[in-house]
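J.: below: sequence and its predicted model.
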Amino acid sequence: MSAAAAGFVAMLKRGAAAGRVPAPALDRRQGLWLLAAAALTVVPHGLWLPPWIHALCLLLLAWRGLILWQGTRPPPALLLLAVAAAVAAGVRLEFGHFFGKDPGVALLALLLGVKLLEARAARDIRAGVLLCLFLQLALFLENQSIAAAAMALLGTLTCLGALVALADPAGSVREHVRSATLLLVHGLPFLLVFFVLFPRIQGPLWGLPADAFSASTGLSDTMTPGSISALGNSSAIALRAAFDGPPPPPAQRYWRGPVLADFDGRTWTAARFAEADTPFYRPVGRRLDYVLTLEPHNRRWLMALDYPGEAGPLVRFASDHQALSARPVQSRSRFALSAYPDAPVGTGESPTVLAAATRLPAGSNPRSRELAASLAAGAASHAEILERVLAHMRAARLRYTLRPPLLGAHSADEFLFDSRSGFCEHFASAFAVLMRAAGVPTRIVTGYQGGEINPVDGYLVVRQSDAHAWAEVWLAGRGWLRVDPTALAAPERIADGLAAALGAEDALPLMLQADMAWLRGLRHRWEALSNSWNQYVLGYNPERQRELLANLGFDYRSAAKLAGLLAGISALLLLGLYAWASWQRRTSDPVQRAWERFSTRMARAGLGREPWEGPLAYGDRLAEALPDQADSLHAICAAYARLRYGAVQAGDRQLRTLQKQMKGIRIQ
Amino acid sequence: MPLHHANRLLETAGRIILGKERELRLALACLIARGHLLIEDVPGVGKTTLAHVLARLIGLQFQRIQFTSDLLPADILGVSIFDRSTSAFRFHPGPVFAQLILADEINRATPKTQSALLEAMEERQVTADGATLALPEPFFVIATQNPAHQIGTFPLPESQLDRFLLRIRLGYPDRAAERALLMGEDRRELLERQPAVASPSALLELQHAAQGLHVSDALVDYVQALLGATRNSPELINGLSPRAGLGLLAAARAWALLDGRDHVLPEDVQTLFPHVAAHRLHLAGDGRPVPPATLVRLMQAIAVR
């Protein structure tokens, strides 16, 4: 009993002694690799991480870098424990809980720094690399752009570099980079196979309702003066369209969004509408087919070109002639659509809708009502009233500007009689007020007008700055007619876009300025690139996967078959790689590489090694050609022969000596 | 490490056989690699002297067998004779029971006799009257043969040629060497006075050391590539056999040992390859022995890595 106790005590002592032995410091180069990997992983997370958390992450990495730089001991375990606890408390404070994606990723990013601080052994490096890779993956939960993919690629490369450095501490950094790149390239076929074959899931996988789709710029279903001009400065892309044939001329590019029929004197609001699987009008006349790629806006509007016709199963039609998505558009989506620009719409419009379209709140815009009454007096028909109102507005010399003065309660009055300058929503609103006051059913349509063809890929790109408001007037027998009052004051807005229509005093968005042509060209290229990325990489959804696999002749219906196919191809790839690797292993000897580099260098002086020439014979020939360096040439070749063919494995020191000797040879 | 024995031996032998340092070294390498040597040349260039010198300097029991068309197997292996006193047959060992045998003009004997010697060479033992008698150790045969186009010869079949590790040619001495030969004293007498500079046990040690020499993977790759080239060459009837490959490696080891190295280099293989291949390979078409130029071309097609 006592003997056992003594043994136990001795064991404890040994354990304690082992604990006191100074921990081996991290190899400097391995540490730097890991640090680089961690930095490249953490930096892009700054896009979304709360700034103080991101700064803290970088601070921890900097601390680790300092320790590595000075070669001092890592901080004691107790301190690290305190740091980890503080970090966890900070995350809790910021997010209020630990659940969900954001706090989880934030915590991991911070703990990566802590882990690096305590890293000493190979095991720690591996754990750090694993953590880095996970965090790189987590970045895609936030952002799936090309830039994010490029950063992740760079991060993965550095992680591989850290692993290579761990396995081959003697190699040079260049060799590490080369091996890591090679490893990454080996992954490419797997990437392709998995990309094509891995079963796709509809919608964003990580669309957690709490975090996602919170804020996005774009149209809303109400319009007050200033709500659309606020978008004028945003060059964010709203949608892209690829037409089967030539795109329609700019003056016909009306992308229909919410239709606003309720007016309270200041704010226009969308009216209720019916919806169905087919359009509420007879699609006749010219037909345009196009594919619309809509940026997510978390609403159902498709912003289809006037007037939408037949489309796929996910598209529905509203009685106010919008096309709607069956679900809110929460991820970038593609829709195959058609448009009938010349079709008459709403010829049989219901009386309630028409009644609602003439309603004006009592007491609002008295001057406009007065004007409307005078314009309508003696008019034979609604069409004539329309003509008169348009003529009046044309004659009123209203000014089109991106920065209209603020308007009060009677917005139409103030615009028409006082400020006389405004943006499209002022024109449309004032026009509608006049028309309604004259008793003609009129409503506001918001959406986008125009768009720009990207000369690089031919896509028509519509930006938020193309947001527009126009009006629709209902005439008996002709239905709803589009009337764009903005065109009266600024016809170039419709024909040539916003930039052409604005006066010199309006500060243009940088990208729209004319002398920035080269910048625009650059942007066209970049946007074409990210459009391809969106179309072919991010837009590879279940439907397109099915389509592609069917075209390739695979049976795509069964997930089990797909998984089997995936496993089979992966196994084949692995087998191929293995065969290649075992073939490659013969030439991957560092001594051999140094020798090949040496003979390549000598070849520049016309002293290349014949393929069949043995090392000593080559050495003799070199020595003959360069007699002043004969000794070192003989030494190099003999050393190589010994390292290559001798019984003793080449050590780092011998290899370095050989490399140094080789570098010492001077050639003309 | 009895390498100094070898060096002294080569040096001494070089004083007796003038201007043939490389051939002497090849012969010694063959001996160290436990192979047998075939010397193919016209008479009078010193084939017999070479055998004598080796036997004398190492202190090996020496036997010379002059092959003629009427030589019988028993003349080589030995014969059982009835002993009246014991009323039993007693085996009288033939000349093959020696450490170094010079089989002179081996292509003059009938195939049956030739094969008697060659089988003994391969198996290093002789079976007579149901009893198996081991040949002495070391056991080394130097066979000479006149070029086959001479009249009254039985060319050795390919299967028998394969049993010789190396084939060398002595050739005429160069001018300076020949002058020294003509001016100097009689080689035989010189040899008679020369004491042994090595011993059979030293030779066995060298043989053992050569077997232990390191052969790297890279070198085996090279040897295999060479063997493969002989087998795939459209110019040749047959390629080198696995036995030839083993022999090539053994000879290269011995050569590297004589060079004072502990590992084999491609150069060693390249040096020995023509001697290993020359008597084993034949040209497609007319079946002539492969000329040296073809062998060089073969080697130059194989990259040293």
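T.: Cool, the structure landed. No experiment lies behind these values; they were computed from the predicted model shown.

J.: next, the contact list for residue B:288, please.
T.: Shown in contact with residue B:288 (Cβ atoms under 8 Å, 6 or more residues apart in numbering or on different chains): residue B:282. (Each C-beta comes from the backbone N, C-alpha and C, glycine too.)

J.: quick one: pLDDT of it?
T.: Note for residue B:288: predicted pLDDT of 82.

J.: any idea how far it lies from residue A:90?
T.: Distance, residue B:288 to residue A:90, by Cβ to Cβ, to the nearest Å: 90 Å.

J.: equivalent analysis for residue B:278, please.
T.: Distance of residue B:278 to residue A:90, given as Cβ to Cβ: 83 Å.

J.: higher neighbour count, the two?
T.: Comparing residue B:278 with residue A:90 by neighbour count (other Cβ atoms under 10 Å in any protein chain shown), the higher total belongs to residue B:278, at 21 against 17.

J.: right, and that one touches residue B:294 too?
T.: No: the pair residue B:278 / residue B:294 is not scored as a contact, 10.0 Å apart, by Cβ atoms under 8 Å.

J.: quick check: domain ranges of the chain?
T.: Answering for chain A, as no chain was given. A:24-197, A:219-539, A:542-585, A:589-664 (automatic domain parsing).

J.: looking at chain B here, not the other one
T.: Domain assignment for chain B by automatic domain parsing gives B:1-211, B:212-305.

J.: now the weakest link among those domains, please, by mean pLDDT.
T.: When the domains of chain B are compared on mean pLDDT, domain B:1-211 scores lowest, with a mean of 86.

J.: next one: that domain to chain centre, how far?
T.: Here domain B:1-211 is found 7 Å from its chain centre; the criterion is Cα atoms, centre = their mean, to the nearest Å.

J.: wait, residue A:319 touches residue A:271, no?
T.: No: look at residue A:319 against residue A:271 with Cβ under 8 Å: they stay out of range, at 9.6 Å.

J.: shared neighbours of these two, anything?
T.: Both residue A:319 and residue A:271 are contacted by residue A:353, under the criterion Cβ under 8 Å, 6+ apart.

J.: got any ranges where chain A has weak pLDDT?
T.: Applying pLDDT under 70 to chain A flags the ranges A:1-25, A:201-218, A:226, A:230, A:232-233, A:498-516, A:555-557, A:584-588, A:668.

J.: what does it put close to chain B?
T.: Contact residues (Cβ under 8 Å from any Cβ of the partner chain) of chain A with chain B: A:586-587, A:592, A:610-617, A:641-642, A:644-647.

J.: those, buried ones only, as a PyMOL selection?
T.: Here is the PyMOL command that picks out the buried ones among the residues of chain A next to chain B, judged by 16 or more other Cβ atoms under 10 Å in any protein chain shown:
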select buried, chain A and resi 592+612+613+614+615+616+617+641+642+644+645+646
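
J.: just checking, which of the residues of chain A next to chain B belong to strands?
T.: The subset of those located in strands under the criterion DSSP state E is empty.

J.: chain neighbours aside, what residue packs nearest to the residue in the stretch 51-200 of chain A that chain B sits nearest to?
T.: Using Cβ to the nearest Cβ, residue A:175 is the residue of the stretch 51-200 of chain A that sits closest to chain B, at 19.3 Å. Using Cβ to Cβ, 6 or more residues apart in numbering or on different chains and skipping residues adjacent in sequence, the residue nearest residue A:175 is residue A:168, 7.2 Å away.

J.: contact residues of chain B facing chain A?
T.: Residues of chain B that fall close to chain A, judged by Cβ under 8 Å from any Cβ: B:214, B:216, B:218-219, B:221, B:262-267, B:270, B:299-305.

J.: wait, what's in contact with the residue nearest to residue A:175?
T.: Residue A:168 makes contact with A:175, A:176, A:179, according to Cβ under 8 Å, 6+ apart.

J.: tell me the bridge partners for the closest residue to residue A:466 other than its chain neighbours.
T.: Leaving aside its sequence neighbours, residue A:466 sits nearest to residue A:448 (Cβ to Cβ, 6+ apart; 4.5 Å). Per DSSP bridges, the residues bridged to residue A:448 are residue A:255, residue A:467.

J.: pretty sure residue A:448 sits against residue A:237.
T.: No: counting by Cβ under 8 Å, residue A:448 sits too far from residue A:237 to count as a contact (10.7 Å).

J.: these two: who's more crowded?
T.: Neighbour comparison, residue A:448 and residue A:237: the larger count goes to residue A:448, with 24 against 21 (by other Cβ under 10 Å).

J.: roughly how far does that one sit from residue A:330?
T.: As judged by Cβ to Cβ, residue A:448 and residue A:330 stand 20 Å apart.

J.: alright, I will stop here.
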